[in-house]
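Student: Any chance you can model this:
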Amino acid sequence: MDGFDTAVDGHFDVEDQLSRYLLRRAEAKLGSGGGSGTLDDVESRADAEAHRERVRSFLTASIGGLPDRSADLGVETTDRREREGYAVECVTFESRPDYHVTANRYVPDGDGPHPGILFLCGHAGPAREDEWNQRACVELAKNGFVVLVVDPLGQGERRQYRDLDHEDAKVSGGGGVFPHSYAGQKCFYAGTNLARYVIHDDRCALDFLCGRPDVDEDRIGVTGTSGGGLQTIYLSLLDDRIDAAAPCCSVSERYEQLKTGNRTHAEQALVGSVDRGIDYDDLLAALAPLPLCVGAAAHDRYFPIEGTHDALDRVRDVYACYDAEDEVDLTVADAQHCAVWEFRDDLFEWLCDRLDAGEYRPVDDPAPLDGSAVRCTEAGNVLDEYADERTIDDVIAAHVAARYPDAGASPRVDDDGDDYGEQLRATVAERFDLDRESCDLHPRVVHRTTEDGLAVERVWFRTERDPDVVVTGVLASDPETDPESPAVVLFDRGTAELPERSETVASLANEYGTVLVFDPRGVGAVRNRTIPVPSWADDYYGTFGTEFKFANDALLLDTSLLAMRVFDVLRAAAVLRSETGAAQVSFVSEGVGSYQALYAAAAAENVARVELSDLGPSFYEMATRRAVPFDSRLTVADVIGDCDLPHLLTALERRGIPVDRGASEP
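Tutor: Here you go, the predicted model:
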């Protein structure tokens with residue numbers, strides 16, 4: 001039994017369908033790349049302050065709130081290196097009990113108090129040991145700044161997954177990209193964002209920096225590039241101690257980014273931000289009138305320069321409400337995506353001016369130290385240095401346990417209470433937006449044949465229009481069996497598995513009468529082409545692959561690939577009922593398809609039975625275990641509390657729907 005040939009047997013070009021769909025939805029919210037439009041109504045200082053509160057409130061909620069900070073950081077200075085005109089201190093502190101942050105403090109000669117700079121690193125693996133980060137810190141120190149540079153979680157001496165090899169998932173290497181993606185997915189399940197933990201570390205670092213007697217806490221700046229630039233923006237929005245912000249290689253317009261095909265990092269993927277029209281210009285405008293200098297690379301492939309200029313034009317309009325247009329500066333480096341060092345001449349002069357550090361004095365070729373000289377731990381990693389050190393997974397699990405104390409277990413349902421099955425149906429429908437307006441299905445048959453006594457038809461139909469979503473399926477019917485409860489069949493790769501699954505499909509057709517082997521959007525015959533941006537992201541289903549891109553883009557739109565595919569599965573069930581005249585349908589599934597089947601069954605009416613094979617862990621388990629599968633197809637936000645797998649199974653049981661779990665371990 002064969003699946004489809006290319007382009008749905010020559011009937012519809014679907015190679016870029018999922019790309020087009022997500023981009024069109026983003027375009028509708030972000031105005032064809034012309035900005036979100038949320039700043040258009042900001043015409044006064046009162047409007048600007050109301051905008052700031054909206055953005056702060058959204059950001060705080062998106063990351064899961066700001067944790068309390070300890071009054072005692074347990075700071076330990078492990079080494080100090082005297083250099084000409086400055087010294088470098090090696091420091092550790094605990095942003096949480098048994099959770100260490102490694103940092104270097106660059107201290108200029110003299111008693112001070114000096115202005116302070118919190119230097120935040122991007123996704124480069126060496127982080128604060130990076131040669132160019134060191135050069136920037138040295139030059140700032142020689143210009144009179146106390147500079148504190150910290151390792152982000154998963155990088156430098158805070159590597160988290162160097163020994164973890166789980167089913168070939170890439171969770172080590174890749175600088176901070178892979179560990180942040182791996183831990184970030186756990187945060188999404190819990191309704192939070194990895195930025196919650198990163199920004200908490202940064203705020204604790206700010207506590208340490210401002211608390212030093214040689215630092216003037218009224219002259220504090222923050223800078224960083226790429227992921228460090230994003231941290232700079234978030235921290236400046238959420239902590240009023242910042243007096244000047246200089247994010248580099250981290251500002252454009254979201255629509256401009258999406259057009260390139262680039263991925264969104266875990267910290268960037270604020271769930272629902274695009275759906276609410278919140279863009280980079282909104283974040284920066286909410287800083288007004290804080291002195292702001294944006295560093296942009298003219299040839300940056302991640303943050304297109306056109307979007308940078310567009311964003312800052314709108315930001316200046318908001319700063320004008322404070323008569324502070326001159327507080328927004330832009331410096332452009334003739335470079336690709338780059339380090340803070342590339343912006344040093346203009347940026348460091350700006351920091352000297354805004355933080356009253358005196359005249360900027362360029363330093364001729366500041367020499368970095370050998371990595372071992374700035375190392376903060378003897379073991380070279382906090383997990384090896386401290387016997388009771390917690391991992392980021394431990395920290396996330398503790399937060400999940402506190403936020404959802406009853407999660408992970410089957411919910412207690414009072415037999416005399418309301419119908420739990422109906423309650424759960426409403427919850428899933430709302431969370432996954434399953435009751436939205438749908439289009440007429442108009443299924444088309446593109447091929448008919450008879451194989452081994454089965455009538456086989458290839459069909460396609462739309463589940464959405466404007467933008468279009470075309471899905472495909474293969475109907476297999478046994479004329480000897482009455483299709484009382486025909487089955488939607490969900491294989492991991494959909495109809496692409498048919499050539500080797502003919503016997504399985506025949507057996508199911510014998511049992512159910514008619515089955516529809518189905519391809520929801522982006523699967524099987526309607527799988528999107530590989531998007532090799534950046535060029536090394538060539539593993540379609542792997543960390544930072546094409547499916548990863550779509551998953552994070554969907555989060556920005558306040559939905560998920562899982563939710564969209566469940567919607568498609570429900571429409572497939574409607575087609576199956578229409579084609580067979582059956583009152584009920586069943587769902588047969590494997591692997592990731594089993595998650596789709598469970599959610600569809602929980603949301604659907606008139607379900608006869610559900611067969612699951614190779615169903616993976618619950619989302620609670622994936623959020624709280626150290627080593628779990630990483631599958632971008634299961635990137636979904638905030639499901640642990642009330643619509644995780646145990647909730648679904650309980651609801652189906654309450655509705656009297658048999659669920660055969662096979663070899664599953666939910």
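
Student: from what I can see Leu330 touches Ala296, true?
Tutor: Yes. If you go by C-beta atoms under 8 Å, Leu330 and Ala296 touch, sitting 6.4 Å apart. (C-beta placed from N, C-alpha, C; glycine too.)

Student: What helix or strand is the residue nearest to Ala288 when sequence neighbours are not counted located in?
Tutor: Sequence neighbours aside, Tyr319 is the residue nearest to Ala288 in space, at 4.7 Å (criterion: C-beta to C-beta, 6 or more residues apart in numbering). Taking DSSP states H and E as the definition, Tyr319 sits inside helix 305-319.

Student: Please save the CA atoms from that helix in PDB.
Tutor: What follows is helix 305-319, C-alpha atoms only, in PDB (Å, rounded to 0.1, in the frame of the first residue of the first chain):
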ATOM      1  CA  ILE A 305      19.200  45.500  10.200                       C
ATOM      2  CA  GLU A 306      16.000  46.800   8.500                       C
ATOM      3  CA  GLY A 307      14.000  45.700  11.400                       C
ATOM      4  CA  THR A 308      16.400  47.300  13.800                       C
ATOM      5  CA  HIS A 309      15.900  50.700  12.200                       C
ATOM      6  CA  ASP A 310      12.100  50.300  12.000                       C
ATOM      7  CA  ALA A 311      12.000  49.400  15.700                       C
ATOM      8  CA  LEU A 312      14.100  52.300  16.900                       C
ATOM      9  CA  ASP A 313      12.100  54.800  14.800                       C
ATOM     10  CA  ARG A 314       9.000  53.800  16.800                       C
ATOM     11  CA  VAL A 315      10.900  53.700  20.000                       C
ATOM     12  CA  ARG A 316      12.100  57.300  19.600                       C
ATOM     13  CA  ASP A 317       8.500  58.400  19.100                       C
ATOM     14  CA  VAL A 318       7.700  57.000  22.500                       C
ATOM     15  CA  TYR A 319      10.800  58.500  24.100                       C
END
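
Student: Return the list of helices and strands in contact with the helix or strand containing Ala455.
Tutor: Per DSSP H and E, Ala455 falls inside strand 454-464. Counting contacts by 3 or more C-beta pairs under 8 Å, 6 or more residues apart in numbering; DSSP states H and E, strand 454-464 is packed against strand 444-451, strand 469-477, helix 561-580.

Student: Pull out the buried residues from it.
Tutor: For strand 454-464, the neighbour count (16 or more other C-beta atoms under 10 Å) marks 454, 456-464 as buried.

Student: Give me the below-cutoff pLDDT ranges for the chain.
Tutor: Counting by pLDDT under 70, the chain shows low-confidence ranges at 32-37, 163-173, 416-418, 663-666.

Student: 80 instead?
Tutor: For the chain, the stretches with pLDDT under 80 are 31-37, 162-174, 414-418, 663-666.

Student: which stretches of the stretch 1-150 of the chain form strands?
Tutor: Using DSSP state E, counting those that start in this stretch, the strands assigned to the stretch 1-150 of the chain run over residues 76-83, 86-96, 99-108, 114-120, 146-150.

Student: how about the ones you listed, which one is nearest Asp384?
Tutor: With C-beta to C-beta, the closest approach to Asp384 among those belongs to strand 99-108: 11.3 Å.

Student: helices or strands up against that closest one?
Tutor: Packing partners of strand 99-108 (3+ C-beta pairs under 8 Å, 6+ apart): strand 86-96, helix 131-142, strand 146-150, helix 195-210, helix 382-385.

Student: Go again with 6 Å.
Tutor: Packing partners of strand 99-108 (3 or more C-beta pairs under 6 Å, 6 or more residues apart in numbering; DSSP states H and E): strand 86-96, helix 131-142, strand 146-150.

Student: tell me the most buried of these?
Tutor: Across those, averaging neighbours per residue (mean count of other C-beta atoms under 10 Å) puts strand 146-150 on top, at a mean of 28.

Student: Just the CA trace of it, in CSV.
Tutor: Written as CSV, here are the backbone C-alpha positions of strand 146-150 (Å, rounded to 0.1, in the frame of the first residue of the first chain):
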residue,chain,number,x,y,z
VAL,A,146,33.7,47.7,37.9
VAL,A,147,32.5,45.0,35.5
LEU,A,148,30.7,41.8,36.6
VAL,A,149,30.4,39.1,33.9
VAL,A,150,28.5,35.9,34.7
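
Student: so what secondary structure elements neighbour that strand?
Tutor: Helices and strands touching strand 146-150, by 3+ C-beta pairs under 6 Å, 6+ apart, are strand 99-108, strand 114-120, helix 131-142, helix 195-210.

Student: Could you export the longest one as CSV, CA atoms only?
Tutor: Going back to what we said before, that points to helix 195-210. Provided in CSV are the C-alpha atoms of helix 195-210 (Å, rounded to 0.1, in the frame of the first residue of the first chain):
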residue,chain,number,x,y,z
ALA,A,195,14.1,33.4,31.1
ARG,A,196,12.6,33.2,34.6
TYR,A,197,15.8,31.4,35.8
VAL,A,198,18.3,33.4,33.7
ILE,A,199,16.9,36.7,34.8
HIS,A,200,16.8,35.6,38.4
ASP,A,201,20.5,34.8,38.2
ASP,A,202,21.1,38.2,36.6
ARG,A,203,19.2,40.0,39.4
CYS,A,204,21.2,38.2,42.0
ALA,A,205,24.4,39.2,40.2
LEU,A,206,23.1,42.8,40.3
ASP,A,207,22.6,42.5,44.0
PHE,A,208,26.2,41.4,44.4
LEU,A,209,27.5,44.2,42.1
CYS,A,210,25.5,47.0,43.7
